[in-house]
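S.K.: what's the 3D shape of this:
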Amino acid sequence: MRIVSFNANGIRSATEKGFFRWFARQKADVLCLQETKAQEHQLTGKQFLPKGYRAYFRDASTKKGYSGVAIYAKREPDELRTALGWEAFDEEGRYLEARFGNLSVVSFYIPSGSSGELRQGFKFEAMKFLEPILQQWLRSGRDYVLCGDWNIVRSRLDIRNWTSNQKNSGCLPAERDWLNGHCREGTGWIDTYRALHAEGQDYTWWSNRGAARENDVGWRIDYQFATPGLHDRLRACSILRTPRFSDHAPYTVDYDYDF
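M.R.: Numbers count the residues shown, from 1 in each chain. As a prediction, this is how the structure comes out:
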């Protein structure tokens, strides 16, 4: 089973840059997109739907052209879920879950706090809200893969400029403690990249300022977190730095799993 996660920073923009032409060659079973920045009725053209896939969307209803997540799958899900129960979070289009038998694949877009104190406060509220949900999923007996942009790095290995970003959203100690608390070895969520590359220093997002991407001054904030039972089913992963479809890179994981 191959799953791709990608923050498109605008699905129409990424499509114009060739994302779906690239994706059509990947033989992926599931694609999770974040920041579609569009409404579903704007994405009916063939260029937005690779042959052999079904597409499902959770758009932002609070603000047009904002946020939004999607899941593309070769197989029709048994069930789709689009809300977690907190309207402020749900209506920004930040969660979509597709259920295939005992497997749940989630496209997640955790808020960014980089625009100021108001949004950082909302991010902390979202983290508190998600705490029991993430724990419940771990205990559910289902296999989960949580894909998406979490807007938080985990450690020094996940960001080029560690020291200078300690007071910046995405690298705040409270954020890192929260995320790492969910990834406790043996009992928590599996960070698929870190499980396969214990000392890896690859990034998934680069600022558009300066030559951050060219100089690889990046952050690893896009993840596929899996339930512990999937740990031994991990086979390979890759981060596509080039070509450039967005300020984020697609992150692909292969699982030994019958999809």
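
S.K.: Give the buried residues for the host helix or strand of residue 21.
M.R.: Using DSSP states H and E, residue 21 sits in helix 19-23. Residues of helix 19-23 classed as buried under the neighbour-count rule (16 or more other CB atoms under 10 Å) are 19-20, 23. The C-beta positions use only the backbone N, C-alpha and C, and glycine is treated the same way.

S.K.: now stretch 50-59
M.R.: By neighbour count on 16+ other CB under 10 Å, the buried set for stretch 50-59 is 50, 53, 55-59.

S.K.: Sort those by pLDDT and name the bottom one.
M.R.: Minimum pLDDT for the buried residues of stretch 50-59 is recorded at residue 50 (93).

S.K.: Let me see the contact set for it.
M.R.: 20, 23-24, 72 (CB atoms under 8 Å, 6 or more residues apart in numbering).

S.K.: Could you export these as a markdown table, including pLDDT and distance to residue 230?
M.R.: Below are the contacts of residue 50 laid out as a markdown table (pLDDT from 0 to 100; distance: CB to CB, whole Å):
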| residue | pLDDT | distance to residue 230 |
| --- | --- | --- |
| 20 | 97 | 27 |
| 23 | 97 | 23 |
| 24 | 95 | 26 |
| 72 | 98 | 20 |
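
S.K.: can you put those residues in JSON lines and add distance to residue 82?
M.R.: Output for the contacts of residue 50, formatted as JSON lines (distance: CB to CB, whole Å):
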{"residue": "20", "distance to residue 82": "23"}
{"residue": "23", "distance to residue 82": "23"}
{"residue": "24", "distance to residue 82": "26"}
{"residue": "72", "distance to residue 82": "15"}
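
S.K.: among the residues you listed, which two are most distant?
M.R.: Maximum pairwise distance in the contacts of residue 50, criterion CB to CB, is 10.8 Å, between 24 and 72.

S.K.: And the lengthiest helix in the chain, what's buried?
M.R.: Counting residues, the longest helix found in the chain (DSSP state H) is helix 117-139. Judged by neighbour count (16+ other CB under 10 Å), helix 117-139 contains these buried residues: 120, 122-124, 126-127, 130, 134, 137-138.

S.K.: same thing with stretch 5-25?
M.R.: 5-12, 14-15, 17, 19-20, 23.

S.K.: Also stretch 23-35?
M.R.: 23, 28-35.

S.K.: now swap in stretch 170-181 and tell me
M.R.: In stretch 170-181, counting by 16+ other CB under 10 Å, buried: 170-172, 175-176, 178-179.

S.K.: Which of these fall within helices?
M.R.: 175-176, 178-179.

S.K.: can you put those in TSV and add pLDDT and distance to residue 40?
M.R.: Formatted as TSV, those follow (pLDDT from 0 to 100; distance: CB to CB, whole Å):
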residue	pLDDT	distance to residue 40
175	97	31
176	98	35
178	98	32
179	98	30
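
S.K.: I'd like to know which of the residues you listed is nearest to residue 108.
M.R.: Using CB to CB, those come closest to residue 108 at residue 179, 12.2 Å.

S.K.: where's the closest one relative to residue 150, distance?
M.R.: Residue 179 sits 7 Å away from residue 150, going by CB to CB, to the nearest Å.

S.K.: Residues that sit against both of those two, list them.
M.R.: By CB under 8 Å, 6+ apart, no residue touches both residue 179 and residue 150.

S.K.: Tell me the pLDDT of the residue lying closest to residue 90 once chain neighbours are set aside.
M.R.: Excluding the flanking residues, the one nearest residue 90 by CB to CB, 6 or more residues apart in numbering is residue 83, at 4.2 Å. We have a pLDDT of 98 for residue 83.

S.K.: cool, and the one 4 residues further on?
M.R.: In this model, residue 87 is scored at 97, pLDDT.

S.K.: Now do the same for the residue most central in space within the chain: helix, strand or coil?
M.R.: In the chain, the residue lying closest to the centroid (CA atoms, centre = their mean) is residue 148, at 0.6 Å. Secondary structure, DSSP: H, G, I helix; E, B strand; the rest coil: residue 148 is strand.

S.K.: how about it, what does it touch?
M.R.: Going by CB under 8 Å, 6+ apart, residue 148 touches 5, 7, 32, 34, 69, 106-110, 222-223.
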